[in-house]
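**Q** just the structure for this:
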Amino acid sequence: MPGFFIPARNSRHRTACFALYKALIQRARQVTLPEHVAYREPDKPYVHPIHRFVRHSFQQNKPETSPRLVFAALKAGYKFIKLLDAAKTPDSIAHKQVVSYLEKRRPPRMPPKNLRGQVEKREKQRAREARRATREAGGFIPGETDRRPPLLVRQVVPGSETMSRDGILTHLYEYVPGNPPRPLEEIPGGVRPVPVFTTESNGIPFLRMGKPQSPILSRALRIKGKKRRTRAQLASLLMRDELEFVGQEDIWENNLLKVAEEEAPRDAAAATFVREMSDEPTYRHSVAIAVAYINSQLNIETADMLARSRGMLKIIDRERTLAEQEAKEREAKQQQEGHLGDKKAA
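**A** The predicted structure follows:
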């Protein structure tokens, strides 16, 4: 047998192993066990103890590629079929051997090393789903901080509903501040910073709060910019290279159509070809549709960025107004404290 042979990827070997596994499980369920051996783990579905050992053994031997080890494992499996057949009788020697083995060794709780990653992944997924359900129900999650509302919230502009020719209802959207201004007591230093409106090289707007810039914000801008550049480059490629190529294809199709129209009165296949070609769009039309779709997506993104910019400017105006008001209050407080100091000194 060659060294590169992997039994787990061989259809015949897999069929034989599945048949052996099924035979062992069927016989294991027919073996009656005393109560102290056939225990149940809390909060888990009941699994027959022998079933646990069989499943664990097959999982543990799954990555084996040595013909010697694979042959020994299969040979042991066929021997256990005979043992379980004999263990169906409660007073038999085989039944006592199975019970004695289960008393000495508890069923394995941890999966094999090659499957622990998958088990941990499933457990994390269950935990995430449980946290999501608790959060949606308004429950408390220990160790989880309160989430702040989003910076901007998209809302439908009242009275902006329009119906297209295709019968699709569309709306205009606007962005409004999603969270109230932070109290002055929560701001480090006691001075409210006013954010600066900035745009990325692709025109994506964002608010700069100072240095260093948040890695999360940098990553979001990088992903958005890459997506917008990819769309613009694809539209440019279609218009620069593909239009000329599809124009040549349309010329070829027209030449074939002319020849078929001449042969149509005498050839039924040519007449069928003429009918089919008259209903099909041209290649240039297909490329034009693709370019129009990409440009429409870019236009939608541009309109969304403009709406976001207006919402961010609202936040800047609000924060600047509060900062100026708080600065006047600090100045008045300092002047009042200065007058009080002068009176005490006098």
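
**Q** which stretches of the protein have low pLDDT?
**A** In the predicted model, the chain carries pLDDT under 70 at residues 1-5, 38-47, 106-120, 135-148, 164, 166-167, 270-271, 273-279, 340-346.

**Q** try it again at 90.
**A** Low-confidence segments of the chain (pLDDT under 90): 1-19, 21, 24-174, 176-193, 200-203, 209-217, 234-301, 303-304, 330-346.

**Q** got the domain ranges for it?
**A** Taking automatic domain parsing as the criterion, the chain consists of the domains 7-109, 152-345.

**Q** nearest to residue 134, out of those?
**A** domain 7-109 (17.4 Å; CB to CB). For glycine as for every other residue, the C-beta is placed from the backbone atoms N, C-alpha and C.

**Q** going along the chain, name the helices of the stretch 101-250 of the chain.
**A** 113-136, 215-237, 243-263 (DSSP state H, counting those that start in this stretch).

**Q** helices and strands around the lengthiest helix in the chain, which ones?
**A** Of all the segments assigned as helix in the chain under DSSP state H, the longest by residue count is helix 283-345. The contact analysis (3 or more CB pairs under 8 Å, 6 or more residues apart in numbering; DSSP states H and E) places helix 283-345 against strand 152-156, strand 173-177, strand 196-199, strand 205-208, helix 215-237, helix 243-263.

**Q** now the ones you listed in CSV, with mean neighbour count and distance to residue 189?
**A** Putting the helices and strands packed on helix 283-345 into CSV (neighbours: other CB atoms under 10 Å; distance: least, CB to CB, whole Å) gives the following:
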stretch, mean neighbour count, distance to residue 189
strand 152-156, 14, 26
strand 173-177, 16, 23
strand 196-199, 12, 17
strand 205-208, 17, 18
helix 215-237, 13, 21
helix 243-263, 13, 59
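
**Q** that older thread, mind putting the helices of the stretch 101-250 of the chain in a markdown table, distance to residue 194 included?
**A** Conversion of these to a markdown table gives the following (distance: least, CB to CB, whole Å):
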| stretch | distance to residue 194 |
| --- | --- |
| helix 113-136 | 33 |
| helix 215-237 | 17 |
| helix 243-263 | 49 |
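
**Q** picking that back up, kindly reformat the domains of the chain as a markdown table containing distance to residue 122.
**A** What follows is these, written out as a markdown table (distance: least, CB to CB, whole Å):
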| stretch | distance to residue 122 |
| --- | --- |
| domain 7-109 | 13 |
| domain 152-345 | 28 |
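
**Q** for residue 121, find the nearest of the ones you listed.
**A** Proximity to residue 121 (CB to CB) singles out domain 7-109 among those, at 15.6 Å.

**Q** what's residue 34 sitting at in phi/psi?
**A** The phi and psi torsions at residue 34 (degrees, to the nearest 10) take the values phi -70, psi 170.

**Q** surely it is in contact with residue 99?
**A** Yes - taking contact to mean CB atoms under 8 Å, the distance of 6.6 Å between residue 34 and residue 99 places them in contact.

**Q** of those two, which one has the most company?
**A** More neighbours sit around residue 99 than around the other of residue 34 and residue 99, counting by other CB atoms under 10 Å; the figures are 20 against 10.

**Q** please report how far the more buried one lies from residue 88.
**A** Separation of residue 99 from residue 88 (CB to CB, to the nearest Å): 13 Å.

**Q** and the gap between the residue nearest the centre of the chain and residue 59?
**A** Most central in the chain under CA atoms, centre = their mean is residue 125, positioned 12.1 Å from the mean C-alpha point. Using CB to CB, one gets 20 Å for the distance from residue 125 to residue 59.

**Q** list the contacts for residue 308?
**A** Residues counted as contacts of residue 308 (CB atoms under 8 Å, 6 or more residues apart in numbering) are 152, 175, 205.

**Q** pick the one among those residues closest to residue 311.
**A** Nearest to residue 311 among the contacts of residue 308, with distances taken as CB to CB, is residue 175, at 3.0 Å.
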